[in-house]
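In: I would like to see how this sequence folds:
(2 chains)
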Amino acid sequence: MEAKIFDRETMLDLVVNFIPLGIILFFIALFVVVTPWGFNVRTSGVMLGLMIVPFVALAILTYLSAKAIAGDEKTKPVYAQGQAGLEEAEPEHHGDDDHTPDETTDASDAAADGNDGEEVDNDEGNDSDGGDADSETTDKQDSDDTADDAGEPAA
Amino acid sequence: MELNAQIAVTVLMGVFLVAVATFLTRIENWRSYTPVGGGGSFIEESGYIDEEKPAGIIRWLTTVDHKDIGILYGLYGIIAFAVGGLMVTLMRFDLVTSSSLLGTSTYNALLTSHGITMLFLFGTPIIAAFANYLVPLIIGADDMAFPRINAIAFWLLPPAALLIWAGFFAKPLGLFGPAQTAWTMYTPLSLGAVGPSADAVGGAGVDLMLLGLHLSGVAATMGAINFIATIFTHRGEEVSWANLDIFSWTILTQSGLILFAFPLLGSALLMLLADRNFGTAFFLTDGGNILWQHLFWFFGHPEVYILVLPMMGIVSYVLPRFAGRKLFGFKFVVYSTLAIGVLSFGVWAHHMFATGIDPRVRASFMAVSMAIAIPSAVKTFNWITTLWNGRVRLTTPMLFCIGFISNFIIGGVTGVFLASIPIDLVLHDTYYVVGHFHYVVMGAIAFAGFAGIYYWFPLVTNRMYQASLGKAHFWLTMVGSNITFLAMILLGYGGMPRRYATYLPQFATLHQVATLGAFLLLIGQIIWLYNMVSSWFEGKRVESGDPWDLRQDNVRTVEWQWFEQKLDTQIATDGGDEEVATDGGKPADEAEAVAEERDDD
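Out: Below you'll find the model as predicted:
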């Protein structure tokens, strides 16, 4: 199950937290090797502790949150943010059980390109509008103005 | 023998408490309350509340409905914003000349109260306003987990504000003056008569301010516990962790930060109160001053993220609606929010680089401060990438979101420089720092707040604000912020120290420029207030359940579904003289045409 949760896609999502972890690790290593103010068990211990504690805490929270998020992602339907419970919302996927191997590959490929499976769907949806895209954009823009201007004073 | 008696009393007390708890659970089902009148909420069978809310002021004094409490928080936050804003307007006019027009003690009092008001009485409550109103709606909860605690948490805030501002009320009566300690309340200055300041900084005004701060901290902690319990236990069936929206994630993280940070502030405040009044010596002994700074900033730095994270959540939630596409890298934003939450507790002493603490300790705080810049930067790239190739609609909330990003980049980058020890030692305690954090607190946090207020204004009021006034508000605020805070950064490069009511003549021009910017900000906020008040009462009614046309891009969210249901099930308008608004399903342009016809009549 662990291996299933922490697959390539999840690990790519977690890169965002690996970078600060890496930076802290770099400084821990640097301050162990380079000690311009000497080494003193108490003060240097505090120095290292102040980096090790956030490092460990972040690592633990990253693990737990990834387990919760990616775990739910694999087993339950996934909606776009704020759309769970929305009548017209279609789940972006229903968990791994409903995935065909091709879909999974597409999603992870997209993630590797710095994109999400979510965005891929959306972009595809936009592309499928085809040649009408321009005129539709104009229309939408008009109605947007209407929406925003709907509050113009009646006077 | 004595010990046995103590044990016996303890056991007796325990039995008594259990008996009281049992009695209470028998007479009242504490968890049974379900709000009424919120269309879409699921009314459970409890037989406890099945009436409409009482009318008039009694409704607002007794309400435990999360939406009502959200509105109360919002009104409270806006009043505090006005008070804090007027305070700083006075300060900026005082700084037009190099000598103090108001007098240094008045300036110091305004400086102290401006900071505390904006952070504790505006910032935290305005976030609680959004969270109270929206989180239960978005996650599919009936209400907050503990509705009564929710109400108590809010009602602690008005007395907190009165205590914090007490000196301003008491001074005209000849009693005592307001605190002049600055919001950091550094010892030995804040120790008063027991310290070297001999209470030149406010006397009883400081004591009351400390009590008020403590009270606001208790309120924030109660609210935080409530949000954590709500998000963990009251989510709807479809709302798994993978489906939790970004705003709720940021509120959850913020609540975690409050839970660890505010009790520590409370302890430090009580120690300071005890030092001032009861003869203790927590901060009077060797190292006491550094101890205060450590305790204060262990709270103080997470406080920055307590304020900024939910506002980032609002931007992450609202911005994609007007970019016509989903948030780029949603999970990046979630994980980086959590990362910021943890790392924010590991950077506090970067506020203390100039205190002479051991260089090895300083170095570790620098390292973590550098690391925490990454998650913030990641979010910024996500917002920009969401805009990329999106169908951007420059509505007022969207303008404020984009303004947020722009200002946050300047505020953030100036902050990264301050994280570097050598640069900090040069710029510490100068206006550069003031400019940096105002870019974040005003340029980013307040901007996101405005974005949220405009975006959800129709949801709360059933009416639309006036768009042209909204845009005037944005541009005045954007230009005003950048003039004021850029001038402050330049003042800091010139060496102008912060917190002073007077200055050397060479700083006059930049101070005057900053005051000009503050004046623009004042005009902008007056326009905003007028817009909000007049639109609330007289704005055009929203007749569509999708006032932002979110359906066309498939970016509508669940709170607007609730709003649509509310419109559909609404049986009377508050004015009583208008038509019943039941056409939530009508297309926006058709509704607009109907509304125009009515106006022509």
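In: alpha carbons only for contacts and neighbour counts from here, please
Out: Noted.
In: for the closest residue to residue B:233 other than its chain neighbours, pull up the helix or strand it's in.
Out: Residue nearest to residue B:233 in three dimensions, not counting chain neighbours: residue B:145, with 7.8 Å by Cα to Cα, 6 or more residues apart in numbering or on different chains. Residue B:145 belongs to no helix or strand when elements are defined using DSSP states H and E.
In: so who does residue B:145 touch?
Out: B:226-227, B:229-230, B:233-234 (Cα atoms under 8 Å, 6 or more residues apart in numbering or on different chains).
In: can you put those in a markdown table and add distance to residue B:449, pLDDT and neighbour count?
Out: As requested, the contacts of residue B:145 are exported to a markdown table (distance: Cα to Cα, whole Å; pLDDT from 0 to 100; neighbours: other Cα atoms under 10 Å in any protein chain shown):
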| residue | distance to residue B:449 | pLDDT | neighbour count |
| --- | --- | --- | --- |
| B:226 | 22 | 97 | 22 |
| B:227 | 19 | 97 | 29 |
| B:229 | 24 | 97 | 16 |
| B:230 | 22 | 97 | 21 |
| B:233 | 27 | 95 | 12 |
| B:234 | 26 | 94 | 19 |
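In: just checking, residue B:480 touches residue B:517?
Out: Yes - between residue B:480 and residue B:517 there is a contact under Cα atoms under 8 Å: 4.2 Å.
In: run through chain A and note the low-pLDDT ranges.
Out: Judged by pLDDT under 70, chain A has its weakly predicted residues at A:1-3, A:94-155.
In: in whichever helix or strand residue B:256 is part of, what's buried?
Out: Using DSSP H and E, residue B:256 sits in helix B:246-277. Neighbour counts over helix B:246-277 (16 or more other Cα atoms under 10 Å in any protein chain shown) mark B:246-259, B:261-266, B:268-276 as buried.
In: ok, it near chain A or not?
Out: Yes - against chain A, helix B:246-277 shows contacts by Cα under 8 Å from any Cα of the partner chain at residue B:246.
In: where's that helix relative to the chain centroid, distance-wise?
Out: How far helix B:246-277 lies from its chain's middle: 14 Å, per Cα atoms, centre = their mean, to the nearest Å.
In: for residue B:129, phi and psi?
Out: phi -60, psi -50 (degrees, to the nearest 10).
In: ugh, wrong one, I meant residue A:78
Out: With angles defined as degrees, to the nearest 10, residue A:78 sits at phi -110, psi 130.
In: do you know the pLDDT at the residue nearest the centre of chain B?
Out: Note on chain B: the residue nearest the mean C-alpha position is residue B:123, at 2.5 Å, using Cα atoms, centre = their mean. Reported pLDDT at residue B:123 in the predicted model: 95.
In: quick check: it touching residue B:76?
Out: No - the criterion here is Cα under 8 Å, and residue B:123 misses it with residue B:76 at 10.6 Å.
In: so where do the helices sit in chain A?
Out: Taking DSSP state H as the test, the helices found in chain A are A:2-5, A:8-33, A:41-75, A:101-112, A:117-127, A:133-149.
In: tell me how far residue B:553 lies from residue B:164.
Out: According to Cα to Cα, to the nearest Å, residue B:553 and residue B:164 sit 47 Å apart.
In: between these two, which one's more packed in?
Out: Neighbours per residue (other Cα atoms under 10 Å in any protein chain shown) separate residue B:553 from residue B:164, with residue B:164 holding more: 29 against 18.
In: how about the more buried one: what's its closest non-neighbour residue?
Out: Going by Cα to Cα, 6+ apart, residue B:164 has residue B:209 as its nearest residue, at 4.1 Å.
In: okay, now that neighbour: neighbour count?
Out: 25.
In: tell me the SS of it?
Out: Assigned with DSSP: H, G, I helix; E, B strand; the rest coil, residue B:209 falls in the helix class.
In: contacting residues for residue B:261?
Out: Applying Cα under 8 Å, 6+ apart, we find residue B:261 in contact with B:298-300, B:302-303.
In: including secondary structure, pLDDT and distance to chain A, could the residues you listed go into CSV?
Out: Output for the contacts of residue B:261, formatted as CSV (DSSP: H, G, I helix; E, B strand; the rest coil; pLDDT from 0 to 100; distance: Cα to the nearest Cα, whole Å):
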residue, secondary structure, pLDDT, distance to chain A
B:298, helix, 96, 13
B:299, helix, 96, 16
B:300, helix, 95, 17
B:302, helix, 95, 13
B:303, helix, 95, 17
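In: mind checking which of those are buried?
Out: B:298-300, B:302-303.
In: the closest residue to residue B:298 other than its chain neighbours and residue B:301, how far apart?
Out: Among residues not flanking residue B:298 along the chain, residue B:348 sits closest, at 5.3 Å (Cα to Cα, 6+ apart). Relative to residue B:301, residue B:348 is positioned 5 Å away (Cα to Cα).
In: name the residue in these two with the higher neighbour count.
Out: residue B:348 (24 against 19).
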